[in-house]
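Peer 1: With the sequence up front, the predicted model follows.
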Amino acid sequence: MKQCMMTIVENIPLIRDTYRMKLEGDVSAFDAPGQFLDIQLDGHFLRRPISLCDLDYTDRYCREGILTIIYKVLGEGTGEMTRMENGRELDVLTGLGNGYDLGCAGERPLLIGGGVGIPPLYLAAKKLRENDVDVTVLLGYNSAGDIFYDDEFGSLGCDVLISTADGSAGTKGFVTDAFRELKTEFTYFYTCGPEPMLRAVFEEVYKGAGLSGQMSFEERMGCGFGACMGCSIETKNGSRRVCKDGPVFRTEEIAWQIPE
Ligand SMILES: Cc1cc2nc3c(=O)[nH]c(=O)nc-3n(C[C@H](O)[C@H](O)[C@H](O)COP(=O)(O)OP(=O)(O)OC[C@H]3O[C@@H](n4cnc5c(N)ncnc54)[C@H](O)[C@@H]3O)c2cc1C
Ligand code: FES
């Protein structure tokens, strides 16, 4: 973890309530997709955790760079972020969390993202594609108007499949409905999304189809770096802090009981 000042170099809406922000500065603390940063906002005691979506180095020592985050406006903090202009400096904790272990991907991984769980999968897809891995991405949204970053995944060379809850684009239903239609044999999966989606993926993809994977949790956080126990979840190995021991956990560690 590193605390540093980063400068906003882009802050634009992608769709009505979802924005992309690019921050320039010291990015040396990041070493895996799926990690997150914690942003200090004026007038708020608690920092706001947001996943790393993309990272481009601007020096050959991989110390300086431009990172991308995508955030959905949910409350006061993210609302305030939409009004920030280029050139403004933000106090940021960088390199938080464990991130995805891409060494498990095998030849044909499946990436499953829902809503604001989609951004961290972009950097995972980019790294996998850099190693010529065939990547399928399954992206779930509420409706066609909520779709973002499908083209960006396509530009990486991923096979992109979409599901929308109201059926206005792609498969009607949830990511698990679209998963059931897939005929491909996958080697592993990586996912991030709201907890109901993670539970459905755990049941359908891990328990049902027998595919192992890694799941990233977006639990409510206090300190964000392991000091307060405010983000604990129960795993088969006991209580674990999402901010420090996660946010990524292997399916084998997760203690969810699935009804028979
Ligand atoms: C590891 C991690 C990665 C995340 N990545 C993203 C991302 O890439 N894009 C994105 O849009 N959102 C992401 N979130 C959720 C994001 O942190 C919250 O939406 C945001 O903090 C809400 O702040 P607010 O002030 O607008 O809302 P408020 O509801 O006013 O926030 C009040 C407090 O609750 C916390 N909080 C509220 N909702 C959440 C939530 N869902 N998860 C965690 N804390 C929450 C806030 O941090 C704050 O301390 C992530 C959360 C975690 C834990
Ligand atoms: S938020 Fe404090 S320990 Fe995780």
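Peer 2: The structure has been received and is ready for your questions. Residues are numbered from 1 along each chain as shown. Ligands and ions are numbered 1, 2, ... in the order given.
Peer 1: wait, doesn't Val205 sit right on Tyr190?
Peer 2: No: look at Val205 against Tyr190 with C-beta atoms under 8 Å: they stay out of range, at 10.8 Å. Just so you know, the C-beta spots here come from the backbone N, C-alpha and C atoms, and that holds for glycine as well.
Peer 1: With neighbour numbers in mind, choose between those two.
Peer 2: Each of Val205 and Tyr190 has its neighbours counted (other C-beta atoms under 10 Å); Tyr190 has more, 28 against 25.
Peer 1: If you count neighbours, what's buried in the helix or strand hosting that one?
Peer 2: Assigning secondary structure by DSSP states H and E places Tyr190 in strand 188-192. Applying a neighbour-count criterion of 16 or more other C-beta atoms under 10 Å, one finds Tyr188, Phe189, Tyr190, Thr191, Cys192 buried in strand 188-192.
Peer 1: wait, the second one sits on Ala209?
Peer 2: No: at 9.2 Å, Phe189 and Ala209 do not qualify as touching, with contact defined as C-beta under 8 Å.
Peer 1: on that earlier part again, dump the buried residues of strand 188-192 to a markdown table, plus distance to Ala124.
Peer 2: Formatted as a markdown table, the buried residues of strand 188-192 follow (distance: C-beta to C-beta, whole Å):
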| residue | distance to Ala124 |
| --- | --- |
| Tyr188 | 11 |
| Phe189 | 11 |
| Tyr190 | 6 |
| Thr191 | 10 |
| Cys192 | 9 |
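Peer 1: Which of these sits closest to ligand 2?
Peer 2: Ranked by distance to ligand 2 (C-beta to the nearest ligand atom), the buried residues of strand 188-192 are led by Cys192 at 17.2 Å.
Peer 1: Contact partners for the closest one?
Peer 2: Taking C-beta atoms under 8 Å, 6 or more residues apart in numbering, we find Cys192 in contact with Gly34, Ser51, Gly113, Gly114, Gly117, Ile118, Pro120, Leu121, Leu198, Met215, Ser216, Glu218.
Peer 1: just those that are near ligand 2?
Peer 2: Near ligand 2, judged by C-beta under 6 Å from any ligand atom, there are no entries from the contacts of Cys192.
Peer 1: What subset of those is buried?
Peer 2: Using 16+ other C-beta under 10 Å, the buried ones in the contacts of Cys192 are Gly34, Ser51, Gly113, Gly114, Gly117, Ile118, Pro120, Leu121, Leu198, Met215, Ser216, Glu218.
Peer 1: where in the chain is pLDDT low?
Peer 2: 259-260 (pLDDT under 70).
Peer 1: and it, what are its domains?
Peer 2: Domain ranges of the chain: 2-96, 102-253, per automatic domain parsing.
Peer 1: Neighbours of Ile162, how many?
Peer 2: Ile162 has 17 nearby residues by other C-beta under 10 Å.
Peer 1: tell me the helices in the stretch 101-250 of the chain, going along the chain?
Peer 2: Ranges of helices in the stretch 101-250 of the chain, per DSSP state H, counting those that start in this stretch, are 119-130, 150-155, 175-181, 195-201.
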